[in-house]
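> Quick check, what structure comes out for this input:
(one chain, ligands or ions: 1)
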Amino acid sequence: MHKLIIKGKKELTGTISISGSKNATLPILASTILSRETKLTNIPLVKDIFTMIELLKFIGLKVIIDKKKKSIFLENFEKKINTLAPYKLVKTMRAGVLVLGPLLTKYKKAKVSLPGGCAIGTRPVDLHLLALKKLGAKIQIKDGYIIADAKRGLIGAKIKFPSISVGATENAILAAFGALGTTTLLNCAIEPEIIDLIKFLRKLGCKIKIEGRKIIINRKRNIIKKINHKIIFDRIEAGTYLIAAVLLSKKIVIKKINPRLLKYEIKVLKRMGAKIKISRNSILIAKSKKLKKINISTKPFPGFSTDLQAQLMVLMTQAKGMSKIKENIFENRFMHVPELRRMGAKIEIKNKIAYILGPTRLTGAEVMATDLRASVSLVLAGLIADNRTIVNRIYHLDRGYENLEKKLKKCRAKIKRI
Ligand code: UD1
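Residues are numbered from 1 along each chain as shown. Below is the predicted model:
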């Protein structure tokens, strides 16, 4: 099993190019079931994307990847379509459940494995199913599978989500793509990745309007045969390197981004004392000597992202005073805390709130990655710690960070994979 060995306290300097967004690519890949010929560019070459590709191949799509150009070509000629998403492919990647909406709306039936819980929380799919049922699907849960059918096709409806979910919003939009008439979704997630999905579906011929948290979808009129789409940048990857730069950089430029989509995160970093210069498609950032404490709560976009909570916590260990993070999205997303404590961090958790006392000098240790974002927080901690840090179980990192060591090494970090 691979591990990362990091020698800390090395100043970073250089340029980091941000990859395409994993969380935008996954639903867009699922939606290619609805398309004929699709070319996607700016694809991040990470494990979750390859798992989704395996799933699409299993379903019957033809997929050709050009790794050098980071592009994928997909064809759905509907010869032998399998409306099944098996457990072995959905269990390692929850986003597999996103094929449910497109399969059901196009082929009127689908059998998709329940993704189950995961380390950061129970992560049910009740909101996905609620939306599909309102669109007229009959759904049963049997032997660990969601078995859905809509013999006469889905019919547009007005659906209000009781709470905000990224995945449920995406599945509902995808199902509404083929539903008769108009679908109005209320209390939706409006993450930039969802907006990218909507841009893709509009190219496919679907009429979609967004008004605040309301999304109105009109059934597609005519199928557009060939579509090209460039995936947006990964704002979570960008946010992760922004935090690394505040911790350690002499001068780092983060490029290939749209800083407007990181507005809240940049505001938080500036309030903590970060020196940030924003340009149109890049950010220049230098280490801050005196960081100030801050209190934040994770929220759906445009709030502070839960996917950057663990990384920000590492920064808070270096800020003067008691910082607080309230995790509102997932019930068990503080698993990095015991590992950070082993490196010397002073963190207490009470209910949903982590209290972080700083500044603390961290010391290298052997630590265990538990999920994707927790893993990268341990890498950040290793980069600022005295001595050597070994991060085990880094397969979590490979699910979502493209060339992490390469990008950090280019900025002179001492990091290697063994
Ligand atoms: C997506 C992102 C993930 C991010 C999360 C929140 C992808 C591939 N993943 O995950 O990186 O951390 O959004 O921004 O885009 N919930 C229910 N019932 C449901 C669905 C969700 O109760 O049917 C709950 C979840 O348990 C969680 C909350 O709603 O507590 C938000 O989850 P959701 O927004 O659905 O996250 P994902 O789409 O799984």
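
> Pretty sure residue 245 is one of the things residue 288 touches, is it not?
No. Counting by CB atoms under 8 Å, residue 288 stays clear of residue 245, with 9.7 Å between them. For glycine as for every other residue, the C-beta is placed from the backbone atoms N, C-alpha and C.

> Those two: which has the busier surroundings?
Using other CB atoms under 10 Å as the criterion, residue 288 and residue 245 rank with residue 245 on top: 29 against 21.

> what residues are up against whichever residue of the chain sits closest to the ligand?
Nearest residue of the chain to the ligand, counting by CB to the nearest ligand atom: residue 167, 2.9 Å away. The contact partners of residue 167, by CB atoms under 8 Å, 6 or more residues apart in numbering, come to 94, 95, 97, 98, 125, 127, 128.

> go on, residue 284?
Counted by CB under 8 Å, 6+ apart, residue 284 has contacts 251, 252, 253, 276, 277.

> Other residues contacting the one helix or strand the last one maps to?
Using DSSP states H and E, residue 277 maps to strand 275-278. Outside of strand 275-278, the residues that reach it under the criterion CB under 8 Å, 6+ apart are 242, 259, 266, 269, 270, 283, 284, 285, 286, 287, 288.

> how near is the fourth one to residue 363?
Distance, residue 269 to residue 363, using CB to CB, to the nearest Å: 25 Å.

> between the two, which one's more packed in?
residue 269 (25 against 15).

> so what's that one scoring on pLDDT?
Predicted confidence (pLDDT) for residue 269: 96.

> Show me the shaky parts of the stretch 1-150 of the chain.
Residue ranges of the stretch 1-150 of the chain with pLDDT under 70: 116-122.

> mind redoing it with 80?
Applying pLDDT under 80 to the stretch 1-150 of the chain flags residues 78-79, 116-123.

> Check the stretch 151-300 of the chain too.
Residue ranges of the stretch 151-300 of the chain with pLDDT under 80: 220-225.

> Could you list the contact residues of it toward the ligand?
Neighbours of the ligand within the stretch 151-300 of the chain, by CB under 6 Å from any ligand atom: 165, 166, 167, 168, 189, 193.

> 5 Å - rerun?
165, 166, 167, 168 (CB under 5 Å from any ligand atom).

> Output the residues you listed as TSV; include the columns secondary structure.
As requested, those are exported to TSV (DSSP: H, G, I helix; E, B strand; the rest coil):
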residue	secondary structure
165	coil
166	helix
167	helix
168	helix
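
> neighbour-wise, which of these leads?
Of those, with other CB under 10 Å as the count, residue 168 tops at 26 neighbours.

> Look at the nearest residue to it once chain neighbours are set aside and tell me its secondary structure.
Leaving aside its sequence neighbours, residue 168 sits nearest to residue 127 (CB to CB, 6 or more residues apart in numbering; 3.6 Å). Under three-state DSSP, residue 127 falls in the helix class.

> give me the number of residues near residue 127?
The number of residues packed near residue 127 is 20, by other CB under 10 Å.

> Pretty sure it sits against residue 166.
No. With contact defined as CB under 8 Å, residue 127 does not count as touching residue 166 (10.1 Å).

> before we move on, back to that, from residue 243, how far off is the residue nearest to residue 168?
From residue 127 across to residue 243, the span is 30 Å (CB to CB).

> Can you list phi and psi of residue 180 for me?
phi -70, psi 130 (degrees, to the nearest 10).

> Any idea what it is bridged to?
Legend: beta-bridge partners of residue 180 under DSSP bridges are residue 155.

> Just give me the neighbour total for it.
When neighbours are defined as other CB under 10 Å, residue 180 has 13 of them.

> ok, now which ones touch it?
Neighbouring residues of residue 180 by CB under 8 Å, 6+ apart: 153, 154, 155, 156, 219.

> With residue 150 instead?
Shown in contact with residue 150 (CB under 8 Å, 6+ apart): 104, 105, 108, 109, 135, 136, 137, 138.

> Mark which of the residues you listed are part of helices, please.
Counting by DSSP state H, the contacts of residue 150 place 104, 105 in helices.

> quick one, helices of the stretch 251-400 of the chain?
Along the stretch 251-400 of the chain, the segments classed as helices by DSSP state H, counting those that start in this stretch run 263-271, 309-316, 336-342, 372-384, 395-398.

> Please apply the same query to the stretch 1-150 of the chain.
Counting by DSSP H, counting those that start in this stretch, the segments of the stretch 1-150 of the chain that form helices are 22-31, 47-59, 87-90, 100-107, 126-134.

> any chance of the ones you listed in a markdown table, plus distance to residue 383?
Formatted as a markdown table, the helices of the stretch 1-150 of the chain follow (distance: least, CB to CB, whole Å):
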| stretch | distance to residue 383 |
| --- | --- |
| helix 22-31 | 22 |
| helix 47-59 | 23 |
| helix 87-90 | 34 |
| helix 100-107 | 40 |
| helix 126-134 | 37 |
